[in-house]
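J.: my questions are about this predicted structure, shown below with the sequence.
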Amino acid sequence: MKKAILFFLTVILFAPAIFAQQYRTSAPFTMNAEFARFRYDSVSTYVEVYYGFYPRLLSYNLADSVFKGAAFLTTVIRRADTSKTVVNERLLVPFTVADTIFRNVNATFVTQTGYVLPFGNYVLSVSAADSLMPSRQDSVSYSLKLGPVPAVTSTSDLELCSEINNESRHAKLFEKNSLEVVPNPSLVYGVTTHPVSFYYMEVYNVNTDSTYTVKEDLLDGSNNVVRQSVKNQKYTARNVVDVGMMNVSSFPSGRYQLRVSVCNQAGNDLSGATKTIFLNNPHIKQQKANPSALNATEFAGMTSDELSDEFREAQYYAKADETKRFKQLTTQESKRDFLARFWSDVENGAGGRMSIMRGEFLHRIGVANQRYHGFGKDGWQTDRGRVYLVYGEPDEVERFPSSENSKPYEVWHYYNIESGVEFDFVDRSGFGNYILVNSTKRGENQDDGWQRFLQ
């Protein structure tokens with residue numbers, strides 16, 4: 001396992017001639033960040049952190065006949081119990097492009113770091129900012145639980161990848177256990193980006209005299225297995241690497257789970273890992289289901305707890321009487337019937353509520369949980385997560401870092417709602433917990449003096 005922290009710092013995109021002295025985009029600046037945990041020794045875990053940027057979302061100035069821009073990347077890891085900072089790194093990641101047409105708008109830049117950390121609970125916070133316009137930034141936070149590997153057969157986290165090669169084709173940064181493993185921190189796959197999902201996983205404490213079965217399952221939003229691949233493995237070492245791939249270009253767009261399980265000869269699961277992935281296949285049209293079809297296809301196989309969890313996550317779309325009625329339901333069948341009617345009403349905008357398809361809702365839940373979770377809350381439970389779930393992706397996000405005179409804050413703009421509204425979030429604690437303090441949207445809390453929270 002590589003211990004050094006390496007960065008591949010420059011991307012060169014070739015395109016036609018230069019037409020402007022500057023390039024500025026109104027699109028929000030976004031960053032993707034993911035992590036995976038691997039065994040290191042008896043007291044420590046090796047944590048890899050993966051970062052992804054879209055060069056087209058940066059600002060550029062013309063210099064020396066090329067356009068130059070950069071992103072400031074900050075990685076902070078704190079102990080969860082004491083808030084003591086154990087990692088605090090800020091690096092400048094430069095980008096050079098021949099011009100700013102960006103014909104391949106999906107082109108991404110990916111890099112990674114690695115840290116050896118003693119066992120314990122941590123908070124990983126990653127932020128990135130446009131160097132020429134620092135108010136354009138994005139951030140994400142994760143909880144890290146690090147502990148010893150069990151003495152029985154067990155696995156590492158799944159690392160989802162855009163490609164895995166036997167020989168190095170890119171930077172040596174991605175070399176791992178004689179393979180080139182290129183991470184995909186966006187977790188997005190499909191015909192427009194990566195039609196094949198690759199994964200890397202380490203398997204520990206196997207018996208070299210036994211034959212194992214590795215199951216690769218793709219599960220839809222209702223936890224139904226929509227594709228399964230099974231392979232038999234005879235491992236030659238006690239600790240090994242398992243890699244695989246799955247073509248995901250034939251499934252409708254939405255949120256899925258990729259689950260890889262290691263089983264014994266009797267077919268019993270010994271260990272495994274699961275990772276959320278997002279599919280973008282616009283060539284596959286999704287049919288809108290009627291209530292009875294929803295009941296039969298969308299909710300079949302879901303447990304009572306899973307049905308309750310879904311309605312709890314969808315509470316922002318529910319009426320008060322619907323919330324009251326659902327609390328009175330005690331059987332799986334009654335909850336399934338209720339959710340079928342509920343989603344039919346939501347999708348059709350019944351009762352004056354904003355219309356949203358259930359598939360889009362599940363996608364937003366996944367995005368909210370990835371972007372906005374922290375402090376013991378899933379992303380959908382936070383203020384930013386709620387606003388994202390209800391109103392969708394903002395048209396513009398203004399991000400203001402902390403300064404001597406101000407706490408960090410964000411202003412979200414929606415230009416097509418009520419002739420334009422904004423939501424103001426302030427990180428009052430300074431640890432990435434953004435609270436909604438004001439909004440100009442009717443029905444939301446309004447506080448004309450919200451700037452006092454910046455002090």
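T.: Arrived safely, thanks for sending.
J.: any idea how far the closest residue to Phe361 other than its chain neighbours lies from Thr192?
T.: Counting by CB to CB, 6 or more residues apart in numbering, Phe361 lies nearest to Ala314, which is 6.5 Å off, once chain neighbours are set aside. (Glycine included, C-beta is placed from N, CA and C.) Using CB to CB, to the nearest Å, Ala314 is found at 28 Å from Thr192.
J.: more neighbours: the two, which one.
T.: It is Ala314, of Ala314 and Thr192, that has more neighbours when counted by other CB atoms under 10 Å, with 22 against 14.
J.: residue contacts, that one?
T.: Contact analysis of Ala314 by CB atoms under 8 Å, 6 or more residues apart in numbering lists Phe342, Val346, Phe361.
J.: tell me which of those is nearest to Gln451?
T.: Proximity of the contacts of Ala314 to Gln451 (CB to CB) peaks at Phe361, which lies at 33.5 Å.
J.: show me what the host helix or strand of that closest one is packed against.
T.: Phe361 is part of helix 358-372 when elements are defined by DSSP states H and E. Counting contacts by 3 or more CB pairs under 8 Å, 6 or more residues apart in numbering; DSSP states H and E, helix 358-372 packs against strand 254-263, strand 269-279, helix 332-347, helix 383-391.
J.: mean pLDDT lowest for which of these?
T.: When the helices and strands packed on helix 358-372 are compared by mean pLDDT, helix 332-347 comes last with a mean of 87.
J.: in that helix, what counts as buried?
T.: 332, 335-340, 342-347 (16 or more other CB atoms under 10 Å).
J.: and the angle from it to helix 358-372?
T.: 90 degrees (axes from the mean of the first three to the mean of the last three CA atoms, to 10 degrees).
J.: alpha carbons of helix 332-347, in PDB - could you do that?
T.: Extracted in PDB, the C-alpha atoms of helix 332-347 (Å, rounded to 0.1, in the frame of the first residue of the first chain):
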ATOM      1  CA  GLN A 332     -46.300  -3.700   5.800                       C
ATOM      2  CA  GLU A 333     -49.300  -4.000   3.500                       C
ATOM      3  CA  SER A 334     -50.900  -0.800   4.800                       C
ATOM      4  CA  LYS A 335     -47.700   1.100   4.600                       C
ATOM      5  CA  ARG A 336     -47.100   0.000   1.000                       C
ATOM      6  CA  ASP A 337     -50.700   0.900  -0.100                       C
ATOM      7  CA  PHE A 338     -50.200   4.300   1.700                       C
ATOM      8  CA  LEU A 339     -46.900   5.000   0.000                       C
ATOM      9  CA  ALA A 340     -48.400   4.100  -3.400                       C
ATOM     10  CA  ARG A 341     -51.200   6.600  -3.000                       C
ATOM     11  CA  PHE A 342     -48.800   9.200  -1.400                       C
ATOM     12  CA  TRP A 343     -46.300   9.100  -4.300                       C
ATOM     13  CA  SER A 344     -49.100   9.200  -6.900                       C
ATOM     14  CA  ASP A 345     -50.300  12.500  -5.200                       C
ATOM     15  CA  VAL A 346     -46.800  13.900  -5.000                       C
ATOM     16  CA  GLU A 347     -45.900  13.100  -8.600                       C
END
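J.: residues near Asn416, how many?
T.: Asn416: 10 neighbours (other CB under 10 Å).
J.: against Asn165, how distant is Ile435?
T.: The value you get for Ile435 to Asn165, if CB to CB is used, is 45 Å.
J.: same question for Ala318.
T.: Taken as CB to CB, the span from Ala318 to Asn165 is 48 Å.
J.: those two: which has the busier surroundings?
T.: Higher neighbour count among Ala318 and Asn165: Ala318, with 19 against 15, using other CB under 10 Å.
J.: hang on, isn't that one packed against Phe342?
T.: Yes - using CB atoms under 8 Å, Ala318 is in contact with Phe342, at 7.1 Å.
J.: mind listing what the most centrally placed residue in the chain touches?
T.: Geometric centre of the chain, nearest residue: Gln370, 3.9 Å, by CA atoms, centre = their mean. Residues near Gln370 by CB under 8 Å, 6+ apart: Val140, Leu187, Thr276, Gly379.
J.: at 6 Å instead, please
T.: Shown in contact with Gln370 (CB atoms under 6 Å, 6 or more residues apart in numbering): no residues.
J.: also Thr211?
T.: Applying CB under 6 Å, 6+ apart, the residues near Thr211 are Asn232, Lys234, Gln265.
J.: give me the number of residues near Gln265?
T.: By other CB under 10 Å, 10 other residues sit near Gln265.
J.: and Leu144, which of the helices and strands packed on helix 358-372 is closest to it?
T.: strand 269-279 (15.2 Å).
J.: got the contact list for the residue lying closest to Val188 once chain neighbours are set aside?
T.: For Val188, ignoring the flanking residues on the chain, the nearest one in space by CB to CB, 6+ apart is Phe278 at 4.9 Å. Phe278 is in contact with Leu187, Val188, Arg255, counting by CB under 6 Å, 6+ apart.
J.: the second one and Asn281, how far apart?
T.: Right, Val188. According to CB to CB, Val188 stands 11 Å off from Asn281.
J.: likewise for Tyr46?
T.: Note on Tyr46: its distance to Asn281, by CB to CB, is 34 Å.
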